[in-house]
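Chemist: Build me a structure from this.
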Amino acid sequence: MSELDLHDVTLVGFSMGGGEVARYVSKYGLDRLRSVVFASAVTPYMMEGDDNRDGPLTEEQAEKMTADLTNDRDGFFDHFTTQFFSVKGELKVTEAQRQEAIELCHQSDQKAAPKCMASFGTEDFRDDLPQITIPTLVIHGDGDAVVPFEGSGARTHAAIAHSQLVVLAGAPHGCNVSHGEEFNAALLGFLKV
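Modeler: Below is the predicted model:
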């Protein structure tokens, strides 16, 4: 942002990218930003614990995901992409789209992927979110099984004063693909304001 001298920027963070948006604001401030978007974001804090009872990810679930990724990479990607694009067991994209996602997963580095998996659950953005005082859109599918709306999108919206919330009915985690028209309409409508 500094090197390119960008100003009036909207940062859009999907899933773990939402955490990057929150951390950018707390680290660099709001001077270059116009607005931010949290799409199916992992914010405010995924891991359930004594000080985070509403966290949607248990330690046991996180350990199983890491073990599955480490021990059976192909099986993990197959299961994960199915969950990523499904609501209550129903795939909301074409099988070809799911296969494209698996191909993307295989591009991940075998050392970096488990570290990303750990970060997915353990990064805490609760102190970052209240620092966001610019226009904010939180967009989330109500059928998200990877980053459940109640434990993430709803809490992110509550943590950022005056944020706008768009809940996509019947949408999975990968709502930008499964519900692309609705997702884009919400995003473009927000950017016009």
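Chemist: Surely residue 25 touches residue 130?
Modeler: No. The pair residue 25 / residue 130 is not scored as a contact, 10.1 Å apart, by Cβ atoms under 8 Å. From N, CA and C alone the C-beta is placed, and that goes for glycine too.
Chemist: right, and the helix or strand after the helix or strand of the chain with the lowest mean pLDDT?
Modeler: Sorting the helices and strands of the chain by mean pLDDT, DSSP states H and E puts helix 112-122 at the bottom, at a mean of 90. Sequence order places strand 136-141 as the next helix or strand after helix 112-122, per DSSP states H and E.
Chemist: Quick one: list the elements packing against that following strand.
Modeler: Secondary-structure packing of strand 136-141 (3 or more Cβ pairs under 8 Å, 6 or more residues apart in numbering; DSSP states H and E): strand 33-39, helix 153-159, strand 164-168, helix 175-178, helix 180-192.
Chemist: Which neighbouring elements make contact with whichever helix or strand comes after the first one?
Modeler: Proceeding C-terminally, strand 33-39 gives way to helix 59-71 as the next helix or strand, assigned by DSSP H and E. Using 3+ Cβ pairs under 8 Å, 6+ apart as the contact definition, the elements that helix 59-71 packs against are helix 73-84, helix 112-122.
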